[in-house]
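S.K.: after the sequence you'll find the predicted model.
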Amino acid sequence: MRHLEVSAPDGLPEISTGSDLAALIAASTPLIDGDIVVVTSKVVSKAEGRVRPGERDDALAEETVRVVARRGPTVIVRNRLGLTMAAAGIDASNVEAGSIVLLPLDPDASARALRARLHELTGTTLGVVVTDTAGRAWREGQTDIAVGAAGLRVAEDFAGRVDAYGNDLVVTLPAVADEIAGAADLVQGKLGGRPVAVVRGRADLVLRIVDDGPGAGSLIRPEGSDLFGYGAREAVIRALAGAPEDRQPFGQPVELTELLAAIGRVHASSRIAATLRDEAGPAAYDLEIGGLPERTAVAALCFAHGWRLLGWQPGESGVVARVSPSTP
């Protein structure tokens, strides 16, 4: 039988710039080898001086790489850490009125420093997870996720293994750092004043003291590899606008057959034929589209599917669109 214990000590003082967070943690709870110390990003940010006066909108631009979606006052962005979060993860709760807390500059580095300091103080080999709260697509409510980690296998790769029924596991990759963050939040609570938790019972995930591991940053999908790079409305706008800087989140070019199928769905043509042009340089195709297609729609479809529309010319039964796969 496997047993997991999660505890959150009471009595940590208010954290401010320069606080020795590791010393406060070590004094608040006993630690043993294999424990995983889970700390909210808010107290890490407070210790690192990431609190400032102002409103969330005042810091949103500097923390944002691009806007993913807007719904009324809610703005979902991909922030400078690569995380997709409401308001870039800027928080105005559990802080003095009129102040905001920004995420740590480098949560993985914060976790590494905290791990090293805890080892210095206690002699233990620990894992450290720095957490923040995030919403989920398709799901109501929020849960805590790992935004920083050190000394921990942040994901368990089961690809290549076989289950009890003999089935091959192909893409099974539990994000255990996120699961640990969620478990810790159950005992920390949002209003309990317990920003630290200790997870005990998964020492198998904790790495040697000389190995800090890949960090939570390794759980972030690169631009273009996520299937939901934009919100539904924003994707339409970006594709129609066709600005080169908006291309990467749509991903790598699809196969030509998929592009043809997409054009066929939007333009009910009786015939769409593709011919590879025999010329030097990148591959280009002439798509002969029967009838009179809506050219703006075809251009947007090409953009959204990772292709460039190079131009138009008359065809035998309609028009010919010259297209070429692009590089995001």
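M.R.: Arrived safely, thanks for sending.

S.K.: can you list the domain ranges for this protein.
M.R.: Using automatic domain parsing, the domain ranges for the chain come out as 5-50+103-219, 242-325.

S.K.: would you single out the least confident of those?
M.R.: Lowest mean pLDDT within those: domain 242-325, at a mean of 88.

S.K.: that one: end-to-end distance?
M.R.: By Cα to Cα, to the nearest Å, the extent of domain 242-325 from end to end equals 14 Å.

S.K.: and stretch 207-220, by the same measure?
M.R.: The first residue of stretch 207-220 is 21 Å away from its last residue (Cα to Cα).

S.K.: for the remainder of this discussion, apply numbering that starts at 43.
M.R.: I'll keep to 43 as the first residue from here, and by that count the last item is stretch 249-262.

S.K.: flag every buried residue along that stretch.
M.R.: Buried residues in stretch 249-262, counting neighbours by 16 or more other Cβ atoms under 10 Å, are found at Leu249, Asp254, Gly255, Pro256, Gly257, Ala258, Gly259, Leu261, Ile262. Just so you know, the C-beta spots here come from the backbone N, C-alpha and C atoms, and that holds for glycine as well.

S.K.: quick check, distance from it to the centre of its chain.
M.R.: Distance of stretch 249-262 from its chain centroid, counting by Cα atoms, centre = their mean, to the nearest Å, is 16 Å.

S.K.: now do stretch 214-225
M.R.: Between the centre of stretch 214-225 and the centre of its chain there are 14 Å (Cα atoms, centre = their mean).

S.K.: got the buried residues for that stretch?
M.R.: Residues Val218, Ala219, Asp220, Glu221, Ile222, Ala223, Ala225 are the ones in stretch 214-225 that count as buried (16+ other Cβ under 10 Å).

S.K.: now the second one: how far from Leu228?
M.R.: Taking Cβ to Cβ, to the nearest Å as the measure, Ala219 and Leu228 are separated by 16 Å.

S.K.: follow-up on the earlier one: could you dump the domains of the chain to CSV with distance to Arg275?
M.R.: As requested, the domains of the chain are exported to CSV (distance: least, Cβ to Cβ, whole Å):
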stretch, distance to Arg275
domain 47-92+145-261, 14
domain 284-367, 14
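
S.K.: most packed of the ones you listed?
M.R.: Mean neighbours per residue, mean count of other Cβ atoms under 10 Å, is largest over the domains of the chain for domain 47-92+145-261, with a mean of 18.

S.K.: pull the distance from that one to the chain's centre.
M.R.: Centroid separation between domain 47-92+145-261 and its chain, computed with Cα atoms, centre = their mean, is 17 Å.

S.K.: and that domain, end to end?
M.R.: Start-to-end span of domain 47-92+145-261 (Cα to Cα) is 25 Å.

S.K.: now Glu291: closest residue in space, sequence neighbours ignored.
M.R.: If you look again at residue 291, you'll see it is Pro, not Glu. Leaving aside its sequence neighbours, Pro291 sits nearest to Gly271 (Cβ to Cβ, 6 or more residues apart in numbering; 2.9 Å).

S.K.: CA atoms only: put stretch 292-302 into CSV for me.
M.R.: Taking C-alpha atoms only, stretch 292-302 is exported to CSV below (Å, rounded to 0.1, in the frame of the first residue of the first chain):
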residue,chain,number,x,y,z
PHE,A,292,-0.9,28.3,-35.4
GLY,A,293,1.9,25.7,-35.6
GLN,A,294,3.7,23.9,-38.3
PRO,A,295,2.3,23.8,-41.9
VAL,A,296,-0.3,21.0,-42.3
GLU,A,297,-0.1,18.5,-45.1
LEU,A,298,-1.4,19.8,-48.5
THR,A,299,-4.4,17.4,-48.4
GLU,A,300,-5.6,18.9,-45.1
LEU,A,301,-5.3,22.5,-46.5
LEU,A,302,-7.4,21.4,-49.6
